[in-house]
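[1] Take a look and give me a structure for this.
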Amino acid sequence: MNVMGKIFANKIDEQVHEDFVKFGRGIYQDRYLLEGKKQKTAWSVKTSSEFANYLVIKGLAKVKGEIHVTGIIVSTIELKDEDIKFEKIKKYMGIKQMVINTDVKPEKLISLMIKYPRAFYALSFKMEGFELKIKEKPPKSAKPGTKKEILPKADFCSLKTNDKILIDDLFFDIPEFEEVKIRHVLQIEDIEIPKGITEPEKLRAMAKRKGKVKRIRVIGEKEEINEKEFVA
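    All right, here's what the predicted structure looks like:
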């Protein structure tokens, strides 16, 4: 289940917490963008960067045997796995970009993603019934703001798939659609600081965000808004 699905289903877990660590207090407009179009035998989906890791791991779980993967993995630490060969590693301002362009067993990448969940996996690959393309660049940092600017586009990740289970998970509150656009507004109202922890990095990682998510769906010409409180 994706992060937004978990929040609205009251199933908040460590995945949701990890996803929200980057947010401070404030209002974050137009996050977790989703667009979906029904095609003849499949669906076309476009998303913002927040769905990248989710789409990568969902796709890799479908692979049998090796698959050719291209893209970058972005992290503040250098990821190491003797079974995954990186083409090169770029370093800038404490950020590492590990470039991958190779055939790999999916379970190796999935294991890496589980071990380093805060890394950003901008990986592209394709198989029958599933083609994922993700831009090879780091996502923009999370900055709050209340002013409405030019609406961002859901164009960081592009997916074509015939996987109805995946579509139902992404668009969990829309059973059937021809075309739909979804955006979310995050309002982080408070940060619950754990007691007995003094290290800044641990404090940031273990602190829980408290607030609400506004889910705005546009189906055809009709706009619908749902809101959910959360602690994650």
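[2] so what's the backbone phi/psi at the most centrally placed residue in the chain?
    Centroid-nearest residue in the chain: F51, 2.5 Å away (criterion: Cα atoms, centre = their mean). F51 adopts backbone torsions of phi -90, psi 0, taken as degrees, to the nearest 10.
[3] Return the residues in contact with it.
    F51 makes contacts with 2, 32, 34, 157, 170, as judged by Cβ atoms under 8 Å, 6 or more residues apart in numbering. Where C-beta positions appear, they are placed from N, C-alpha and C, glycine not excepted.
[4] which residues touch the last one?
    In this case it means L170. Applying Cβ under 8 Å, 6+ apart, we find L170 in contact with 2, 5, 34, 36, 45, 51.
[5] re the thing from before, I219: which of the contacts of F51 is nearest?
    For these, the residue nearest I219 by Cβ to Cβ is L34; the value is 12.0 Å.
[6] what helices or strands is the helix or strand where the closest one lies leaning on?
    According to DSSP states H and E, L34 maps onto strand 26-38. If contacts are counted by 3 or more Cβ pairs under 8 Å, 6 or more residues apart in numbering; DSSP states H and E, strand 26-38 sits against strand 43-47, helix 164-170, strand 179-192.
[7] hey, C-alpha coordinates of the lowest-mean-pLDDT helix or strand in the chain in PDB?
    Least confident helix or strand of the chain, by mean pLDDT, DSSP states H and E, is helix 200-206 with a mean of 83. Below are the C-alpha coordinates for helix 200-206, written out as PDB (Å, rounded to 0.1, in the frame of the first residue of the first chain):
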ATOM      1  CA  PRO A 200      20.300  15.900  16.500                       C
ATOM      2  CA  GLU A 201      20.200  13.300  13.700                       C
ATOM      3  CA  LYS A 202      18.500  10.800  15.900                       C
ATOM      4  CA  LEU A 203      16.000  13.400  17.200                       C
ATOM      5  CA  ARG A 204      15.100  14.300  13.600                       C
ATOM      6  CA  ALA A 205      14.700  10.700  12.500                       C
ATOM      7  CA  MET A 206      12.700   9.600  15.500                       C
END
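[8] mind listing what the helix or strand just after it pairs with, with the direction of each?
    On the C-terminal side of helix 200-206, the closest following helix or strand by DSSP H and E is strand 208-219. When pairing is defined by DSSP bridges, strand 208-219 lines up against strand 179-192 (antiparallel), strand 222-231 (antiparallel).
[9] Quickly list what the closest residue to K62 other than its chain neighbours is bridged to.
    Once flanking residues are discounted, K62 sits nearest to F130: 6.0 Å by Cβ to Cβ, 6 or more residues apart in numbering. Counting by DSSP bridges, F130 is bridged to M127, T161.
[10] Check H184 too.
    Going by DSSP bridges, H184 forms beta bridges with R31, R215.
[11] contacting residues around it?
    The contact partners of H184, by Cβ under 8 Å, 6+ apart, come to 4, 30-33, 213-216.
[12] Pull out the buried members of these.
    The neighbour count (16 or more other Cβ atoms under 10 Å) marks 4, 30-33, 213, 215 as buried among the contacts of H184.
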